[in-house]
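Undergrad: sequence and predicted structure, then a few things I'm wondering about:
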Amino acid sequence: MLNVSELTVDIQGSRILRGISLEVRAGELVCLLGRNGAGKTTTFRSLMGYLRPVSGRISWEDKDLARLSTWQIAQLGIGFSPEESEVYADLTVEENIELPTWTRTCGRPAAERISEAYRIFPKLERYRKRGGAELSGGERKMVSIARALALDAELLLLDEPFEGLSPAIIPLVAEGVAAIRQSGKAIVMAESNLHHVPDYIDKLVVIERGEIIYTGSLSGALGDVEVMKIIAGAVDAEPQT
């Protein structure tokens with residue numbers, strides 16, 4: 001479905017991504033693991049069209065995404081839940097989740113897509129009429145993912161879905177991610193904490209200083225001393241974006 005080849009990205013004259021390559025197949029759960037500043041968010045922002053690559057190719061079902069606008073990429077069926085879990089404060093939970101069905105009318109009926117979002121995160125049912133400004137961090141995270149799901153996306157990009165969440169909320173979000181994966185949608189999940197990586201992922205991709213240093217199984221990474229030094233945070237790194 002998604003193929004990233006030799007992607008190089010600069011921000012304000014600094015090279016952030018250095019020729020990264022990764023592949024996501026239909027229905028796969030891929031975890032992009034790296035310490036803070038390794039380049040995970042820059043990768044996602046490049047995939048969604050917020051940043052333009054210096055070189056390289058991003059293809060989605062044989063379509064070149066590198067020059068498309070963000071809204072065009074979303075229309076193709078790629079949903080994005082950013083690390084900040086931004087929701088529209090002046091809209092209710094219900095309206096936030098329904099919003100993608102207003103902007104992307106193709107695919108399944110809106111009612112079916114909205115129903116699926118609440119099935120994945122049933123706790124949000126009781127907050128349908130609550131304003132976005134009244135939500136906790138964990139509730140905003142669930143709304144952000146549910147909204148991306150209501151786009152009827154075939155691929156979801158989840159940037160740090162567990163970052164900053166309370167121990168009570170993490171299992172709810174984890175159950176939601178597992179349910180999305182079981183529904184057959186592809187997921188790329190960015191994580192900086194090894195302990196938040198589900199053991200059922202299909203592929204682990206480790207990024208360090210804007211370069212991919214490992215692609216393979218989770219068990220393979222756990223058995224690699226040099227990779228573990230990096231993903232366990234045992235080696236200091238100069239922060240990036």
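TA: In hand now; what should we look at? Numbering: from 1, shown residues only.
Undergrad: compute the first-to-last residue distance for stretch 212-229.
TA: 15 Å (CA to CA, to the nearest Å).
Undergrad: what mean pLDDT would you report for it?
TA: Average pLDDT, stretch 212-229: 92.
Undergrad: repeat that for stretch 189-199.
TA: 91.
Undergrad: burial measure for residue 61, as a count.
TA: Using other CB atoms under 10 Å, residue 61 has 13 other residues around it. C-beta coordinates here come from the backbone N, C-alpha and C atoms, glycine included.
Undergrad: contacting residues for residue 194?
TA: Contacts here follow CB atoms under 8 Å, 6 or more residues apart in numbering; on that basis residue 194 touches 33, 231-232.
Undergrad: err, residue 176, not the other one
TA: Residue 176 sits next to 120-121, 142, 145-146 when contact means CB under 8 Å, 6+ apart.
Undergrad: what comes up buried for the helix or strand hosting it?
TA: Assigned by DSSP states H and E, residue 176 falls within helix 170-182. Across helix 170-182, burial judged by 16 or more other CB atoms under 10 Å covers 172-173, 176-177, 180-181.
Undergrad: after it, next one along is what?
TA: Using DSSP H and E, the helix or strand that directly follows helix 170-182 along the chain is strand 186-191.
Undergrad: hmm, back to that, and the furthest pair within the contacts of residue 176?
TA: Largest separation among the contacts of residue 176 by CB to CB: 120 and 142, giving 8.6 Å.
Undergrad: who's more crowded, these two?
TA: Under the neighbour definition other CB under 10 Å, residue 120 and residue 142 were set side by side, and residue 142 has more, 29 against 21.
Undergrad: which secondary structure element contains residue 94?
TA: In this structure, residue 94 sits in helix 93-103 according to DSSP H and E.
Undergrad: quick check: nearest residue in space to the residue sitting nearest the centre point of the chain, chain neighbours excluded?
TA: In the chain, the C-alpha nearest the mean C-alpha coordinate belongs to residue 158, at 1.9 Å (CA atoms, centre = their mean). For residue 158, ignoring the flanking residues on the chain, the nearest one in space by CB to CB, 6 or more residues apart in numbering is residue 189 at 4.6 Å.
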